[in-house]
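Visitor: Pasting a predicted model and its sequence here:
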Amino acid sequence: MKKIWNAEQKLCFERALQGRGMELIAGADEAGRGPLAGPVVCAAVILPLDAASLIEGVDDSKKLSEAARERLDGYIRARALAFAVCEESNETIDRINILEATKLCMKRAVEALDPPPSAVLVDGDFRIDVACAQQSIVGGDALSYSVGAASILAKVYRDARMREYDKLYPQYGFAVHKGYGTKRHTDAIREFGLCAIHRRTFTKKFWAGAGNAAPPNS
């Protein structure tokens with residue numbers, strides 16, 4: 001049977017930092033490192049951690065239904081002491097690579113928090129260039145309440161952005177697959193070429209044509 005954790009059980013990292021005198025603890029996560037198109041989005045959030053303020057159901061956004069993510073996104077935004085969502089474009093990803101774009105995006109999100117955090121929990125096995133204390137957690141979106149909340153903010157924001165892009169480039173199906181490399185998406189690339197939001201460094205094996213930017217609504 002699948003184990004279900006309540007919010008308090010996902011606070012071990014946060015409680016450890018509180019034990020070291022750090023009260024404003026941020027979680028930071030990304031959405032969109034793997035897709036063939038669209039931006040990478042990072043969110044950072046500081047939530048109150050007293051028992052009465054905890055939001056039940058916060059988890060790795062990939063484990064949640066779209067309806068659950070949307071509902072929790074509203075609760076997180078309403079209850080947060082601070083939150084920020086930032087994005088880096090496909091052009092930036094192509095220029096500096098996806099890892100560096102993610103680290104830059106996450107740094108911007110953390111530094112946009114007001115009040116600033118005393119520590120940040122980062123999802124992944126890398127560090128970001130911020131002044132506050134930080135701890136990297138592999139699989140942090142499933143293990144940390146704060147990182148899970150950030151993963152929800154990032155995923156809901158990015159999905160909405162991809163639905164907007166779908167209106168500009170309806171032939172690709174961005175509203176359905178959100179830019180990931182599904183068969184429908186790769187078939188569309190082979191048929192229509194690349195559009196302005198495709199990551200050129202991610203799509204070389206699907207399209208090698210010249211002058212390969214499909215105009216909106218083509």
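Guide: Looks like it came in fine. Numbering: from 1, shown residues only.
Visitor: What is the longest helix of the chain by residue count?
Guide: Longest helix of the chain, by residue count under DSSP state H: helix 145-168.
Visitor: Who are the packing partners of that helix?
Guide: helix 12-19, strand 25-31, strand 40-46, helix 66-79, strand 82-88, strand 119-123, helix 140-143, helix 174-177 (3 or more Cβ pairs under 8 Å, 6 or more residues apart in numbering; DSSP states H and E). C-beta coordinates here come from the backbone N, C-alpha and C atoms, glycine included.
Visitor: Kindly calculate the angle that it makes with strand 40-46.
Guide: Counting by axes from the mean of the first three to the mean of the last three Cα atoms, to 10 degrees, helix 145-168 points 140 degrees away from the direction of strand 40-46.
Visitor: Any buried residues in helix 145-168, and which?
Guide: Across helix 145-168, burial judged by 16 or more other Cβ atoms under 10 Å covers 145-159, 161-162, 165-166.
Visitor: mind listing what the spatially closest residue to Ser118 that is not a sequence neighbour touches?
Guide: Nearest in space to Ser118, with sequence neighbours left out and distances taken as Cβ to Cβ, 6 or more residues apart in numbering, is Met22 at 4.2 Å. Taking Cβ atoms under 8 Å, 6 or more residues apart in numbering as the contact definition, Met22 lies against Ser118, Ala119, Ala133.
Visitor: Who does the closest residue in space to the last one that isn't next to it in sequence form a beta bridge with?
Guide: Leaving out its chain neighbours, the residue that sits closest to Ala133 by Cβ to Cβ, 6+ apart is Ala119, at 4.1 Å. Applying DSSP bridges to Ala119 yields these beta-bridge partners: Ile25, Ala133.
Visitor: coming back round to it: name the member of the contacts of Met22 with the most neighbours.
Guide: Sorting the contacts of Met22 by how many neighbours each has (other Cβ atoms under 10 Å) puts Ala119 first, at 22 neighbours.
Visitor: correct me, but that residue touches Gln135?
Guide: Yes. Under the criterion of Cβ atoms under 8 Å, Ala119 makes contact with Gln135 at 7.1 Å.
Visitor: Could you tell me which ranges of the protein sit under the pLDDT cut-off?
Guide: 1-5, 208-218 (pLDDT under 70).
Visitor: roughly how far apart are the residue nearest to Ser118 and Ser151?
Guide: Met22 is 21 Å from Ser151, where distance means Cβ to Cβ, to the nearest Å.
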